[in-house]
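In: Pasting the sequence and the predicted model now:
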Amino acid sequence: MSVVERRIQAGDLEEVIEQISNRWQDHVYFSEKAEKLTSAVTEV
């Protein structure tokens, strides 16, 4: 059983949702950074 599943069973759903949204925001942030880097590299 994963940590997320254990937390959901423990009724700690809000924390799980918060962690998922934080990870998603990080992913979006890094994707944007990567796109900027890629476009900067291709322009040169």
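Out: On my side now, so go ahead. For clarity, every value in this text was computed on a predicted model and none was experimentally measured. Numbering: from 1, shown residues only.

In: make it CA atoms for all contacts and neighbour counts henceforth
Out: Noted.

In: Where is the longest helix in this structure?
Out: Using DSSP state H, we find that the single longest helix of the chain is helix 13-43.

In: Distance from the chain centre to it, please.
Out: Centre-to-centre, helix 13-43 and its host chain are 6 Å apart (CA atoms, centre = their mean, to the nearest Å).

In: tell me what it is packed against?
Out: Helix 13-43 sits against helix 3-9, with contacts defined as 3 or more CA pairs under 8 Å, 6 or more residues apart in numbering; DSSP states H and E.

In: What are the buried residues along the helix it packs on?
Out: Buried residues in helix 3-9, counted by 16 or more other CA atoms under 10 Å: V4.

In: Can I get it as CSV, trimmed to CA atoms?
Out: The C-alpha trace of helix 3-9 is given here as CSV (Å, rounded to 0.1, in the frame of the first residue of the first chain):
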residue,chain,number,x,y,z
VAL,A,3,1.8,6.3,1.4
VAL,A,4,-1.1,8.2,-0.3
GLU,A,5,-3.4,5.2,0.2
ARG,A,6,-2.4,5.0,3.9
ARG,A,7,-3.1,8.7,4.4
ILE,A,8,-6.5,8.5,2.7
GLN,A,9,-7.4,5.6,5.0
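
In: That one - contacts with which helices or strands?
Out: helix 13-43.

In: pLDDT of the helix it packs on, averaged?
Out: Mean pLDDT, computed over helix 13-43, is 87.

In: What is the neighbour count of the closest residue to V4 other than its chain neighbours?
Out: Computed as CA to CA, 6 or more residues apart in numbering, the closest residue to V4 that is not its neighbour in sequence is V16, at 6.5 Å. Number of residues near V16 (other CA atoms under 10 Å) recorded here: 16.

In: separation between V16 and A10?
Out: To A10, V16 is 11 Å away according to CA to CA, to the nearest Å.

In: again with E35
Out: 39 Å.

In: related to what we said a few turns ago, intersection of neighbour lists for V16 and A10?
Out: Counting by CA atoms under 8 Å, 6 or more residues apart in numbering, V16 and A10 have no contacts in common.
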